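Asker: Any chance you can model this:
(one chain, ligands or ions: 1)
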Amino acid sequence: MAKILMKWGGGLITDKSKLMTPDIEKMKHLSQMVRDLSDLGHSIIIVHGAGSFGHMKAKKWRLKEGKIESIEDSQFDAVCEVRKDMLRLNGLVRSELESFDLKTESHPPSDWANGTGPEFTGSISEFMSQEKGLIKTTFGDVVDCEKPKEFGILSGDDIMVRFSKEIEDITHAIFLLGDAEGLLSSPPGNSDSKLISLWKSGSVLTGDHDSRIDVTGGIKLKVSSAEKISEFLSDVWMIDGRKPDRVIELIEEGSTIGTKIVNEA
Ligand code: IPE
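Answerer: Sure thing, here's the model as predicted:
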């Protein structure tokens, strides 16, 4: 049986351009896929992104930079707001999963994580044990940091790296994207962009793929996170989250349409 760590990108489950706009239909399709995988006996951990529930306010109040004295009062208000917004998004994700009779749990990083980047600290023991059929969820969030920063943005992509490294029996790490079939040779929408089905760690991504809305680094952070994971896991994938059946195909048949990230070192 597989133990699958999946990231639902914020651009997949929200409309990134409109403040706090969830895409419930996408969440439903993804939840159905999780239900199917669970019925097949696999276990699943879900990390999700922020999309328009996080990036916009985080960008406006420069939360990624940590405390800036001249605007600190507004920043601390924004920290609380974004945390609340993320809990709301997580609530929506969980209620879709629960509508398929899945039992879920939420572990917000603001409760247990400290610092940003893949080396962040805080105990991940809550995610180590696996009760059959229970889906544990967490997400990109505003987390506490050491002084003088005091707070910062922890991306779900960094959580993926730490979980893959430290939760022993994970078999697959899957990044589900909102706007592409996998990693593309140039940004989505370009007429010449093609799916890269095998990405060798260390290759160079051409073109400016990053969206201006993202505070955590867009596709480039995903690629570097996936590359780090490929050092210790052989099934690391980027798959079109609009086609959740592909995840089932990957787990059951060993391959699907998408990008497999391999470490050739
Ligand atoms: C960002 O998390 C968290 C906040 C902005 C609060 P992610 O980096 O995981 O989010 P997406 O997937 O890019 O939206």
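
Asker: Show the backbone phi and psi for I46.
Answerer: phi -110, psi 130 (degrees, to the nearest 10).

Asker: Check which residues of the lowest-mean-pLDDT helix or strand in the chain are buried.
Answerer: Within the chain, confidence by mean pLDDT, DSSP states H and E is lowest for helix 218-230 among all helices and strands, at a mean of 94. By 16 or more other C-beta atoms under 10 Å, the buried positions in helix 218-230 come out as 218-219, 221-230. Glycine gets a C-beta too; all of them are placed from N, C-alpha and C.

Asker: Export only the CA atoms of it, formatted as CSV.
Answerer: The C-alpha trace of helix 218-230 is given here as CSV (Å, rounded to 0.1, in the frame of the first residue of the first chain):
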residue,chain,number,x,y,z
GLY,A,218,5.9,30.0,-7.4
ILE,A,219,7.0,27.2,-9.6
LYS,A,220,10.7,27.7,-8.9
LEU,A,221,10.2,26.8,-5.2
LYS,A,222,8.2,23.8,-6.3
VAL,A,223,11.0,22.6,-8.5
SER,A,224,13.7,23.0,-5.9
SER,A,225,11.5,21.4,-3.3
ALA,A,226,10.8,18.4,-5.6
GLU,A,227,14.5,18.1,-6.4
LYS,A,228,15.4,18.0,-2.7
ILE,A,229,12.7,15.3,-2.1
SER,A,230,14.0,13.3,-5.0
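
Asker: what sits up against it?
Answerer: For helix 218-230, the surrounding residues in contact (C-beta atoms under 8 Å, 6 or more residues apart in numbering) are 9, 118, 155, 157-158, 160-161, 164-165, 173, 175, 177, 183, 199, 201-202, 205, 209-211, 236, 238, 261-263.

Asker: So which residues on the chain come close to the ligand?
Answerer: 9-11, 49-51, 54-55, 58, 82, 86, 140-142, 153, 155-157, 214-216 (C-beta under 6 Å from any ligand atom).

Asker: Mind checking which of those are in helices?
Answerer: Among those, the members falling in helices are 10-11, 55, 58, 82, 86, 156-157 (criterion: DSSP state H).

Asker: May I see those residues organised as a markdown table, with pLDDT and neighbour count added?
Answerer: Converted to a markdown table, those look like this (pLDDT from 0 to 100; neighbours: other C-beta atoms under 10 Å):
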| residue | pLDDT | neighbour count |
| --- | --- | --- |
| G10 | 97 | 26 |
| G11 | 96 | 26 |
| H55 | 96 | 28 |
| A58 | 98 | 24 |
| V82 | 98 | 24 |
| M86 | 98 | 23 |
| G156 | 98 | 26 |
| D157 | 97 | 27 |
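
Asker: Now those in JSON lines, please, with extra columns for distance to E96.
Answerer: Formatted as JSON lines, these follow (distance: C-beta to C-beta, whole Å):
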{"residue": "G10", "distance to E96": "15"}
{"residue": "G11", "distance to E96": "17"}
{"residue": "H55", "distance to E96": "21"}
{"residue": "A58", "distance to E96": "24"}
{"residue": "V82", "distance to E96": "21"}
{"residue": "M86", "distance to E96": "16"}
{"residue": "G156", "distance to E96": "17"}
{"residue": "D157", "distance to E96": "22"}
